[in-house]
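**Student:** Pasting the sequence and the predicted model now:
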Amino acid sequence: MSASPPPDSGMPRRECVPLVVPPVTLEGRHVRLEPLRPEHAPALAALCEPDIFTWFSRALRTEADVADFIDSACQAAERGSERPFVILEQRTGAPVGSTRFLDIQRDHRTLEIGYTWLGRRVWRTPVNTECKYLLLRHAFEALGVMRVQLKTDQHNARSRAAIERLGARFEGVLRNHMLVRGGVVRDSAYYGVIDTEWPEVKVRLEGLLAAAGAGV
């Protein structure tokens, strides 16, 4: 009787070189993403309004809150598990928010895009779309990741619509996933883009930005 083939014989394979995510500056037409630093705290704190953080994992209200947020991000960057950015408006050079790579899985070549928040002035502008475009392009084309995930509160309809608009696929809900904002139990909706899907997602994002006048 012939032996059965190994269970992974028909599965796709990827390079097993550990993922490295060094500091980088990413430039677009509307935004520039630079490494987040403590000196960004005052300008970011000036953007903080309560409704910005309705669904965020923690509410940032004061400059001390923002400084602590940045310090935690910088510590994670030193450990290699995150890579945080300040979002700068190209036209003015002013900070308009923050985002980051997180949950960097070196051995599995995957990461997450998250902790994104924006000042109200740039809501409903191309800023968020261009941020995601720059981060996804860098992740897949420069870093060579296998998968990028995004997550949000299951009940955050605005965030879920924005993620779906990017072309990420809904993958399911993790129930009782997190304790946020001092003890609130959160179910998290997960989305993902894998490397074989990136070319299609890239075309979609470039079309959105072109329609908004970004001309990437």
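**Tutor:** All right, it came through fine.

**Student:** tell me, what residue is most central in this protein?
**Tutor:** Closest residue to the average C-alpha location of the chain: I113 at 2.0 Å, with Cα atoms, centre = their mean.

**Student:** Confirm for me that it is in contact with D103.
**Tutor:** No: using Cβ atoms under 8 Å, I113 makes no contact with D103, being 9.6 Å away. No exception for glycine: its C-beta is placed from N, CA and C like everyone else's.

**Student:** Between those two, which contacts overlap?
**Tutor:** Taking Cβ atoms under 8 Å, 6 or more residues apart in numbering as the criterion, I113 and D103 both touch Q149.

**Student:** which residues does the nearest residue in space to I104 that is not next to it in sequence contact?
**Tutor:** In space, and not counting its chain neighbours, I104 is closest to L111: 4.7 Å by Cβ to Cβ, 6 or more residues apart in numbering. Applying Cβ under 8 Å, 6+ apart to L111 gives the contacts L19, V21, F101, L102, D103, I104, Q105, A139, L143, V145, V148, Q149.

**Student:** So which residues make contact with the strand or helix carrying the last one?
**Tutor:** Taking DSSP states H and E as the criterion, the element that holds Q149 is strand 147-153. Counting by Cβ under 8 Å, 6+ apart, strand 147-153 makes contact with 55, 103, 109-114, 135-136, 139-140, 159-160, 163, 166, 168, 171, 174, 180, 186-195, all of which sit outside it.

**Student:** so how far is it off the chain centroid?
**Tutor:** Taking Cα atoms, centre = their mean, to the nearest Å, one finds strand 147-153 lying 8 Å from the centre of the chain it belongs to.

**Student:** again with stretch 14-26
**Tutor:** Stretch 14-26 sits 15 Å away from the centroid of its parent chain (Cα atoms, centre = their mean).

**Student:** thinking again about what came up before, and the residue nearest to the centre of the chain, that one's in a strand?
**Tutor:** Yes: judged by DSSP: H, G, I helix; E, B strand; the rest coil, I113 forms part of a strand.

**Student:** ok, F101 - contacts?
**Tutor:** Neighbour list for F101: V21, E82, R83, P84, L111, E112, I113, L135, A139 [criterion: Cβ under 8 Å, 6+ apart].

**Student:** Go again with 6 Å.
**Tutor:** Shown in contact with F101 (Cβ atoms under 6 Å, 6 or more residues apart in numbering): V21, R83, L111.

**Student:** Reformat the residues you listed as a markdown table; add distance to G213 and pLDDT.
**Tutor:** Converted to a markdown table, these look like this (distance: Cβ to Cβ, whole Å; pLDDT from 0 to 100):
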| residue | distance to G213 | pLDDT |
| --- | --- | --- |
| V21 | 31 | 97 |
| R83 | 29 | 98 |
| L111 | 30 | 98 |
